[in-house]
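Asker: sharing a model prediction with you, sequence too.
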Amino acid sequence: MSTLMEQASEKETKQLHNNPHNDEMEIDLLEIVRKIIGIRKTLYKAAIVGAFIGLVIGFSIPKKYTVTVTLSPEMGSSKGNSGLAGLAASFLGSGASMGADGSDALNAALSSDIVSSTPFLLDLLNMQVPSLQKGGKEMNLSAYLDSQSSPWWSYILGMPGMVIGGIKDLLSSDEEETDQSSMNGMLVLTEEESEKILSLKENISVMMDKKTSITNVSVTLQDPKVTAVVADSVVCKLQECIVSYRTSKAKEDCAYLEKLYQDRQQEYYAAQRKYADYVDTHDNLILQSVRAEQERLQNDMSLAYQVYSQVATQLQMARAKVQEEKPVFAVVEPAVVPFLPSGMGRKMYILAFTFLSVLVTMGWLLFGKDMLCGLKYSK
């Protein structure tokens, strides 16, 4: 048995030695290693250059901080007689109802679209944020965005646009600007406002888990305290927006029923006074006409009371529905001032550019030159 295994191993070794492809692979690998050793000084220089470039870029890009607030929205129930409305119906009678229910056109699932909308961000630009200087007064978010630093190459790349914009401002007339600013029914933004809104759209994001409805609101800015304040303000404004919509219809119904309640109350009081005055003035009379008029006035008073009572019941239901329609937002993770910046650090930039510089240099010296020479000779 052992002899058979030895013979088989000898055959395999002979086949490996006789296979020219394996010999070529070994020769190629050895040749590549030899070439790498030969250009090691050049690779050292490329590594130094790449580290220097990564250092320059790492110090040029300003630090940014990210604050994430986690919410768990619990929307009001859409069933007819549940919650406070159902409790009110149980006391006021089984016939009390507030009409048909429908699906909401605006709910927590649209948080991302709400936050990225232009009216929302335009209103956010006017919020107050802490001053970057100690003891300084608060500034609005629009002024803070102007004070943020940018990499040096952004000014170089933006120079043609600044020149073109300056020429356009010189050529544009004041009459055209007046006509544009007087448009009704639409938002007319300046170029500066448009740029700031685009910047906020890039730095503010909302992600929602469809299964658990957990919503994460993330804000990324250059100052940690300002980032935390803006994140908290975005969450508060988002809650106000959703609550305002969810309760707007119920508040309109409640206001209408309030007015209707006051009208029906006055009608009932008027019918009651009319009946009481007639009874007082015709108390000693036993004529049939007097009794008929008294019965008619009593029926009018009873009918007015029934209508007044039904409206009062519907008003109590509407008041309960306003509270029931308010969504509850449980803050799982509040806005916390971060200590460490987000994104790639300076060390990562240095390592990434060092590796990339060595890789590009190695590829050019080992393969790029030969391919370029081959293309030249082929022509």
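Answerer: Sure, I can see it. Fair warning: this is a prediction, and the values are worked out from it, not measured in the lab.
Asker: any chance you could map the strands in the stretch 1-150 of the chain?
Answerer: 65-74, 128-129, 139-140 (DSSP state E, counting those that start in this stretch).
Asker: ok, which of these comes nearest residue 349?
Answerer: strand 65-74 (17.5 Å; CB to CB). From N, CA and C alone the C-beta is placed, and that goes for glycine too.
Asker: hang on, the earlier thing: can you list the strands of the stretch 1-150 of the chain in a markdown table and add mean neighbour count and mean pLDDT?
Answerer: Shown next, in a markdown table, are these (neighbours: other CB atoms under 10 Å; pLDDT from 0 to 100):
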| stretch | mean neighbour count | mean pLDDT |
| --- | --- | --- |
| strand 65-74 | 19 | 85 |
| strand 128-129 | 18 | 87 |
| strand 139-140 | 15 | 86 |
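Asker: let's have the ones you listed in TSV, adding distance to residue 274.
Answerer: TSV is the format used below for the strands of the stretch 1-150 of the chain (distance: least, CB to CB, whole Å):
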stretch	distance to residue 274
strand 65-74	51
strand 128-129	60
strand 139-140	62
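Asker: closest to residue 260 out of those strands?
Answerer: strand 65-74 (32.0 Å).
Asker: and that closest one, which strands flank it?
Answerer: strand 215-221 (antiparallel), strand 328-333 (antiparallel) (DSSP bridges).
Asker: re the thing from before, so which of the strands of the stretch 1-150 of the chain comes closest to residue 320?
Answerer: Counting by CB to CB, residue 320 lies closest to strand 65-74 out of the strands of the stretch 1-150 of the chain; the figure is 17.8 Å.
Asker: isn't residue 58 up against residue 351?
Answerer: No - if you go by CB atoms under 8 Å, residue 58 and residue 351 don't touch, sitting 10.2 Å apart.
Asker: model confidence score at residue 234, please.
Answerer: For residue 234, the model assigns a pLDDT of 91.
Asker: which ones are touching it?
Answerer: Residue 234 makes contact with 69, 115, 124, 204, 217, 219, according to CB atoms under 8 Å, 6 or more residues apart in numbering.
Asker: show me which of these is closest to residue 167.
Answerer: Residue 167 has its nearest neighbour among these in residue 124, at 31.8 Å by CB to CB.
Asker: so what's the closest one up against?
Answerer: The contact partners of residue 124, by CB under 8 Å, 6+ apart, come to 141, 200, 230, 233, 234, 237.
Asker: let's see the PyMOL selection covering just the buried ones among those.
Answerer: This is the PyMOL syntax for the buried subset of those, where burial follows 16 or more other CB atoms under 10 Å:
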select buried, resi 141+200+230+233+234+237
